[in-house]
Every structure is written in structure tokens, then in C-alpha cells.
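Visitor: Sharing a model that was predicted from the sequence below.
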Amino acid sequence: MENSEKRLTYTVEEAADVLGISRNLAYELIRQGRLPAIRISQKRLVVPKAALAKLLLPENRVPGPDKVGTDQRG
């Protein structure tokens with residue numbers, strides 16, 4: 001049995017689960033180039049764990065709705 005901690009990639013379904021999105025949206029983001037993936041065969045895509053970790057870094061986050069368009073002057 002394969003130890004999931006040793007694996008360097010996620011399946012698209014696993015990556016979608018980590019991101020909290022649907023499998024279909026994950027495939028759409030891959031198609032758009034917004035979610036990095038590697039095609040390892042004609043029918044198999046994998047998402048590198050390192051690429052997913054980088055995507056989730058704080059500097060890649062957008063402000064939440066409570067921060068967008070708010071006046072900071074009080």
C-alpha cells in the first residue's frame with residue numbers, strides 16, 4: 001500500500017477536496033491554466049502537492065468580502 005505522505009501528487013479529485021471545490025471546477029481550472037497539473041498518460045492528470053501548496057500561500061490570497069471596498073478611516 002502506498003503511503004499518502006510520500007506521494008508527491010494528488011489526483012484531481014483529491015486536489016479538489018483539499019481546495020473545497022468540485023471535481024468539475026478543478027478540471028476547469030486545470031484547463032484554464034489556473035490549477036497546475038501534469039498529464040502522466042492520455043487519461044491521467046495529477047496535481048503536484050508542491051504546486052498546490054504554493055497556490056495556497058498567503059500572498060496568493062485575495063481579500064475577503066469584509067476587506068474589499070471598506071473605508072478604513074472609521
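Guide: Perfect, thanks for sending it. Treat the numbers as computed from the prediction; the structure is a model and nothing was measured.
Visitor: Report the distance from stretch 20-39 to the chain centre.
Guide: Computed by C-alpha atoms, centre = their mean, to the nearest Å, the chain-centroid distance of stretch 20-39 equals 7 Å.
Visitor: and S41, what pLDDT?
Guide: The per-residue pLDDT reported for S41 equals 95.
Visitor: Which helix or which strand is home to the most centrally placed residue in the chain?
Guide: The C-alpha lying nearest the average C-alpha coordinate of the chain belongs to L52 (C-alpha atoms, centre = their mean; 4.8 Å). Using DSSP states H and E, L52 sits in helix 49-55.
Visitor: what's the closest non-adjacent residue to the residue nearest to the centre of the chain?
Guide: A15 (5.8 Å; C-beta to C-beta, 6 or more residues apart in numbering). (Each C-beta comes from the backbone N, C-alpha and C, glycine too.)
Visitor: how far away is that neighbour from R39?
Guide: According to C-beta to C-beta, to the nearest Å, A15 stands 14 Å off from R39.
Visitor: Neighbour count: the two, which is higher?
Guide: Just comparing A15 and R39: by other C-beta atoms under 10 Å the higher neighbour count belongs to A15, 26 against 10.
Visitor: Please give me every residue in contact with the more buried one.
Guide: Applying C-beta atoms under 8 Å, 6 or more residues apart in numbering, we find A15 in contact with A26, L35, V47, L52.
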